[in-house]
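1. pasting the structure only:
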DNA sequence: ATGCCGACTAATAGTCGA
């Protein structure tokens, strides 16, 4: 089972890029973030025509928004990260897909948190504490499960071209990194780092200052796998070439291949 | 030191993102 996660930065503006990826690369599952659209305005006809008959989404006008596209039925759908019923931001969705094995899929768009310190950073850290709680519950379920998406966290210095430029940024501040590591330490496998060592692997390049041309990137889009899911991992890779296309998202797809 | 760019909106300037 091939699963991709991609912060698309407007699904309506980039419908054709999504269509190309589905048609040419044939993921079984595609997790999308920053759809920036109410659910009813997400284009679906082209996706359906390519065999992606199932879509679940949590939408919001203008901001945020997460979706999961699938060739296979999605079951037990839930929307919203538990822990704060007042939180209306569209950042979390879950569903179960049944292939050779059932896999619990969690699609997430973790808050940016800038400027830090401040209320947005407080929201980010509170959201990460709710994420930790949900992650613990996923482990307790003992079924293969993964959390895929834009974490807005640079885990290590090697995950930025210029780490010194990020020291005060919410994506790299010690509290953000510690909260991410705390979740990993519960027993999750960070899929990409289980496969590839070393610096120079990024999933985001800013639109500004010729970041792509300078390869001034950061790695902030991740898969975290429960032990039962990590056992199924064949491979994980970043599709950096996507950033070179016309009118690209500032993020590129990250891929996971599971024996499921 | 700042902004660069690009997305959104009861838009045409302000806000957000990372």
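-> Alright, I've got the coordinates. Quick caveat, the model's predicted, so the values are computed rather than measured.

2. and the strands in the stretch 101-250 of chain A?
-> For the stretch 101-250 of chain A, the strands defined by DSSP state E, counting those that start in this stretch occupy A:102-109, A:145-150, A:189-190, A:204-205, A:217-218, A:221-225, A:233-238.

3. out of those, flag the one nearest residue A:183.
-> Among the strands of the stretch 101-250 of chain A, the nearest to residue A:183 by CB to CB is strand A:221-225 (6.8 Å). Heads up, the C-betas are built off the backbone N, CA and C, glycines and all.

4. tell me the centre residue of chain A?
-> In chain A, the centroid-proximal residue (CA atoms, centre = their mean) is residue A:149; its distance is 0.8 Å.

5. so which residues on the stretch 1-150 of chain A come close to DNA strand B?
-> By the rule CB under 7 Å from any atom of the strand, the part of the stretch 1-150 of chain A lying against DNA strand B is A:7, A:9-10, A:12-13, A:34, A:36, A:61-63, A:111-112, A:114, A:120, A:150.

6. swap in 10 Å and give it another go.
-> Proximity of the stretch 1-150 of chain A to DNA strand B (CB under 10 Å from any atom of the strand) is limited to residues A:7-14, A:33-38, A:41, A:60-65, A:89, A:91, A:109-115, A:120, A:123-124, A:150.

7. which ones among the residues you listed map onto helices?
-> Per DSSP state H, helices hold the following members of these: A:120, A:123, A:124.

8. who wins for most neighbours among the residues you listed?
-> residue A:124 (25 neighbours; other CB atoms under 10 Å).

9. number of residues surrounding the nearest residue to residue A:21 once chain neighbours are set aside?
-> Take residue A:21 and drop its neighbours on the chain: the residue closest to it by CB to CB, 6 or more residues apart in numbering is residue A:253, 6.6 Å away. Residue A:253 has 27 neighbours, counted by other CB under 10 Å.

10. test my guess that residue A:253 contacts residue A:240.
-> No - counting by CB atoms under 8 Å, residue A:253 stays clear of residue A:240, with 9.4 Å between them.

11. which ones are touching the residue nearest to the centre of chain A?
-> By CB atoms under 8 Å, 6 or more residues apart in numbering, the contact set of residue A:149 is A:5, A:7, A:31, A:33, A:66, A:106, A:107, A:108, A:109, A:110, A:221, A:222.
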